[in-house]
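Chemist: need a structure here:
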Amino acid sequence: MKKVTNRCLALLFSLLFSVSFGQNPDSLKMVDRSLLPDTSLIPKDTTELKPWEIIYADTLAADSVIKEPKLNILDSLRLYFLSDRFDLSDQFIRSYGHDAGDFVKSNPSVFCIDYQPIPLRKTVAPFALPGNRLDFILGDRAIHPVEHLPEPDNQIGLDEVPTAAVQKIYNIEGPLGKIFGGDNATASLILLPVRPKSSRAESELVVDVGDLGYANTKAVFTERKRSGRLIQLAAEYRKSDGFDYNWGDSTYHHWADLIYPINDKLNLNLNGRLYRRRGNILLRLNSKFVRNRRDRDFSAGLDYSFSAYHRSSLGVRHQRSETEIDIAQRAYKRDIDIIDNSIYYSHNAIIGKYKMRYELFFTEEEYHNFDYFLKRHRARLNSTISRGDSVCAVVGNFGFEKIGGFNPAPSLVLAYKKEKESFYLSLSAGYVTKFPRQYELDLTPAIDRFIDGAVNDYYESGNVYLQPEKQLSGNLTMAFGKKNNDLTVSLSGGKIFDGIDWNQSTKDTSGLSLTAFQADNRDIEYASLSITKKLSLGEKLFWTSGGSYRYISINGNDSPPYAPDYQAHTGFELYHYIKLLELHLYGYIETGYVGPYHSYPAFGDEAEELGNKFVTNLKLSFRIKSFRFYYYWQNLFFAEYQNRDDYGIRDRLIYYGFTWHFLD
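Modeler: Numbers count the residues shown, from 1 in each chain. Model (predicted):
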């Protein structure tokens with residue numbers, strides 16, 4: 001029965017795809033040798049593997065050699081365009097991290113609003129751009145959490161991005177994230193999970209506890225069999241009490257990935273993500289809301305290898321993001337539920353020296369807000385073609401999308417990279433169209449009294465007249481010197497036509513003056529220059545320091561809210577090894593600075609002046625074999641500052657914990 005099933009599946013794939021994507025008979029003469037295994041690392045008894053089986057070899061143990069029947073052009077593109085010199089994972093380990101927002105806090109081009117106590121949100125804005133203009137890509141998939149709060153900013157709290165399974169971290173400026181599945185042409189956060197290259201199981205347990213009742217536990221397990229079967233499991237649970245009784249919240253993340261070879265040519269792929277958050281959020285001093293968040297993301301697919309040069313995938317994906325806000329004895333209540341059900345097909349091909357990937361998506365979207373319900377459909381075609389290797393490469397990406405109620409729209413991204421041991425150059429440019437989400441179009445109006453608290457003073461609603469957003473952007477990045485001893489210069493800029501944001505204004509109704517938030521289109525121009533210097537002396541010393549200057553204009557206003565002109569970051573680590581005790585000692589100190597900026601004008605008041613403060617953190621740690629303990633001080637010198645209006649920070653918080661690779 002199993003053989004019959006396998007043959008039927010193979011026949012189905014062949015009938016669907018072989019006509020369009022049959023192998024070029026002459027392509028064997030032009031195959032890119034960079035895709036073939038380095039046989040000098042492979043024990044002799046493994047060289048008889050079939051040509052589509054990419055080999056990973058553990059030179060320490062011949063029995064750990066595994067095979068992975070997989071042709072994925074995204075792997076090549078990651079090798080070409082995600083340089084190790086920009087991997088932020090080492091910097092994240094040196095510092096500390098409560099959530100994914102701490103992945104990028106050392107990047108001076110990123111404006112991070114960190115409220116310090118965990119139950120509040122941490123948001124990240126590339127180049128201090130407003131709204132949702134940072135892509136989150138986990139492995140091969142972009143994730144799309146949706147969070148709506150009163151006084152909406154269209155941004156994502158970074159606690160909503162899973163971190164337990166992440167091994168490599170790339171914060172890419174410009175439109176390059178589009179070729180990995182992103183939606184924006186501005187910037188992307190690309191997170192690559194652990195992918196072991198041997199059959200030895202890998203694991204990690206992280207426990208982090210500290211002030212204000214904070215506790216965070218993360219665990220990950222991953223194992224790859226010699227047959228190519230891969231299983232990855234990750235879980236994360238966090239809770240925090242906050243400033244006062246009955247003030248905190250709790251969250252959990254569950255994530256899993258499975259690759260199961262059915263036979264030499266056919267793979268089953270399963271992936272899932274669960275997120276849940278429940279607790280309170282204090283938006284203003286007199287308005288404490290109950291917040292519930294839930295995300296579900298499941299995908300299942302089959303991959304079929306026709307040959308070493310052609311591979312097709314067919315699958316389905318279900319995404320659901322729900323945000324619920326409630327406050328006792330108030331009129332304001334939201335229960336927004338966004339559901340995407342997709343079927344997709346992709347084909348990876350190598351023809352001569354070119355690597356190509358084609359994707360086709362059909363999606364049914366649902367929008368729920370209590371009993372209010374809408375549905376629409378979306379179709380998207382995406383094609384990528386690249387040529388090169390890890391030293392020099394060029395890639396082009398063209399997309400075309402049609403969504404219900406709007407005209408079809410194109411997107412285009414071009415990128416070039418050249419890298420040597422002591423030099424790096426990357427140039428990218430792109431044009432991307434983003435369509436309004438259903439809740440931005442059709443969010444029902446709401447009026448409440450939580451800014452002043454005495455009378456109705458707040459209003460929000462969607463906007464059925466929204467136009468698609470058009471992003472035109474580019475980036476030039478150059479690095480001089482070897483990894484960890486280089487000087488990096490990055491220049492980014494562009495224009496966003498009809499940018500979709502929640503715009504604050506004043507609305508007069510029934511004799512009352514209301515602070516109104518409504519989805520609207522605005523034109524945004526921006527430019528950013530950042531310079532970062534790194535210096536290392538072996539493992540003994542590491543120093544990094546960088547700064548950025550930016551310009552933003554929104555509808556002609558070149559001093560918009562929450563848009564500092566400049567910011568800087570510096571970090572310094574010392575390392576010492578005591579051989580007799582097998583003890584590794586680390587000390588790390590960092591200081592961040594954000595220039596002055598201002599808030600939105602508050603109800604009846606002028607805008608508050610914010611920022612313009614230095615904040616210093618210190619971390620001490622030691623490691624014995626696979627166990628590492630750390631202790632750190634956040635806001636070491638008790639700096640008093642404000643990240644947002646109506647919320648001050650003045651305390652030092654202390655945290656400690658450990659990281660343990662318990663099965664390796």
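
Chemist: now do the contacts for Phe629.
Modeler: Contacts for Phe629 (C-beta atoms under 8 Å, 6 or more residues apart in numbering) come out as Ser621, Phe622, Arg623, Tyr656, Gly657, Phe658. Just so you know, the C-beta spots here come from the backbone N, C-alpha and C atoms, and that holds for glycine as well.

Chemist: name the nearest residue to the last one, sequence neighbours excluded.
Modeler: Which is Phe658. Distances taken as C-beta to C-beta, 6 or more residues apart in numbering place Phe629 nearest to Phe658, at 4.6 Å, with adjacent residues excluded.

Chemist: same question for the first one.
Modeler: Using C-beta to C-beta, 6+ apart and skipping residues adjacent in sequence, the residue nearest Ser621 is Tyr630, 3.7 Å away.

Chemist: can you give me the helices for this protein?
Modeler: For the chain, the helices defined by DSSP state H occupy 2-21, 73-81, 89-94, 438-442.

Chemist: and the contacts of the shortest one?
Modeler: By C-beta under 8 Å, 6+ apart, the list of residues contacting helix 438-442 from outside reads 146, 148, 336, 338, 365, 367, 369, 372, 374, 376, 462-464, 466, 500, 519.

Chemist: can you say which of those are buried?
Modeler: 146, 148, 336, 338, 365, 367, 369, 376, 462-463, 466, 500, 519 (16 or more other C-beta atoms under 10 Å).

Chemist: the lengthiest strand in the chain pairs with which strands?
Modeler: Looking across the chain with DSSP state E, the single longest strand is strand 512-537. According to DSSP bridges, strand 512-537 forms sheet pairs with strand 458-461 (parallel), strand 487-509 (antiparallel), strand 541-554 (antiparallel).

Chemist: in strands, which of the contacts of helix 438-442 appear?
Modeler: Applying DSSP E to those, the entries found in strands are Ile336, Ile338, Glu365, Tyr367, Asn369, Tyr372, Leu374, Arg376, Ile500, Ala519.

Chemist: quick one: residues contacting the fourth one.
Modeler: By C-beta under 8 Å, 6+ apart, the contact set of Tyr367 is Ile336, Asp337, Ile338, Ile339, Phe373, Leu374, Lys375, Gln438, Tyr439, Asp442.

Chemist: that one pairs with what?
Modeler: Here Tyr367 shows beta-bridge partners Ile338, Leu374, assigned using DSSP bridges.

Chemist: in stretch 346-363, which residues are buried?
Modeler: 346-351, 355-359, 361, 363.

Chemist: just name the shakiest helix or strand of this structure by mean pLDDT.
Modeler: Between all helices and strands in the chain, the lowest mean by mean pLDDT, DSSP states H and E belongs to strand 53-56, at a mean of 34.

Chemist: what's across from Lys239 in the sheet?
Modeler: Ala215, Ser250.

Chemist: from what I see, it and Trp247 are in contact.
Modeler: No: using C-beta atoms under 8 Å, Lys239 makes no contact with Trp247, being 12.0 Å away.

Chemist: out of the strands paired with strand 512-537, deepest packed?
Modeler: strand 458-461 (a mean of 20; mean count of other C-beta atoms under 10 Å).

Chemist: mean confidence score for that strand?
Modeler: The average pLDDT for strand 458-461 rounds to 88.

Chemist: contacting residues around the residue nearest to Ser621?
Modeler: Tyr96, Lys619, Leu620, Ser621, Tyr656, Gly657, Phe658, Thr659.

Chemist: could you work out the most separated pair of those residues?
Modeler: Maximum pairwise distance among the contacts of Tyr630 (C-beta to C-beta): 14.2 Å, between Leu620 and Thr659.

Chemist: okay, the two: which has more neighbours?
Modeler: Thr659 (18 against 15; other C-beta atoms under 10 Å).

Chemist: wait, the more buried one sits on Asp208?
Modeler: No: with contacts counted by C-beta under 8 Å, Thr659 stays clear of Asp208, the gap being 9.2 Å.

Chemist: in stretch 413-430, what's buried?
Modeler: If you call a residue buried by 16+ other C-beta under 10 Å, then stretch 413-430 has these buried ones: Val413, Leu414, Ala415, Tyr416, Lys417, Glu419, Tyr424, Ser426, Leu427, Ser428, Ala429, Gly430.

Chemist: which residue, neighbours along the chain excluded, lies closest to the third one?
Modeler: So that's Ala415. For Ala415, ignoring the flanking residues on the chain, the nearest one in space by C-beta to C-beta, 6+ apart is Ser428 at 3.9 Å.

Chemist: so in terms of bridging, what pairs with the one you found?
Modeler: Here Ser428, judged by DSSP bridges, has bridge partners Ala415, Asn475.

Chemist: contact partners for Ser492?
Modeler: By C-beta under 8 Å, 6+ apart, Ser492 lies in contact with 109, 127, 173-174, 186-187, 473-476, 526-528.

Chemist: closest one to Leu535 out of these, please.
Modeler: The closest of those to Leu535 turns out to be Ser109 (C-beta to C-beta; 20.0 Å).

Chemist: and the closest one, how far is that from Ala128?
Modeler: 9 Å (C-beta to C-beta, to the nearest Å).

Chemist: now do the shared contacts for these two.
Modeler: With C-beta under 8 Å, 6+ apart as the test, Ser109 and Ala128 both reach Arg550.

Chemist: go ahead and confirm Thr462 touches Leu443.
Modeler: To be clear, residue 462 is Gly; Thr isn't right here. Yes: if you go by C-beta under 8 Å, Gly462 and Leu443 touch, sitting 3.4 Å apart.

Chemist: overlap in contacts of the two?
Modeler: Counting by C-beta under 8 Å, 6+ apart, the residues touching both Gly462 and Leu443 are Ala519.

Chemist: beta partners for Arg291?
Modeler: Gly279, Ile325.

Chemist: before we move on, the earlier item: redo the contacts of Ser492 as CSV? Include distance to Lys579, pLDDT and neighbour count.
Modeler: Below are the contacts of Ser492 laid out as CSV (distance: C-beta to C-beta, whole Å; pLDDT from 0 to 100; neighbours: other C-beta atoms under 10 Å):
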residue, distance to Lys579, pLDDT, neighbour count
Ser109, 40, 95, 23
Phe127, 46, 96, 25
Glu173, 42, 96, 27
Gly174, 45, 95, 29
Thr186, 48, 95, 28
Ala187, 43, 96, 29
Ser473, 50, 97, 25
Gly474, 50, 97, 18
Asn475, 45, 98, 24
Leu476, 45, 98, 17
Tyr526, 51, 97, 22
Ala527, 51, 97, 15
Ser528, 45, 97, 25
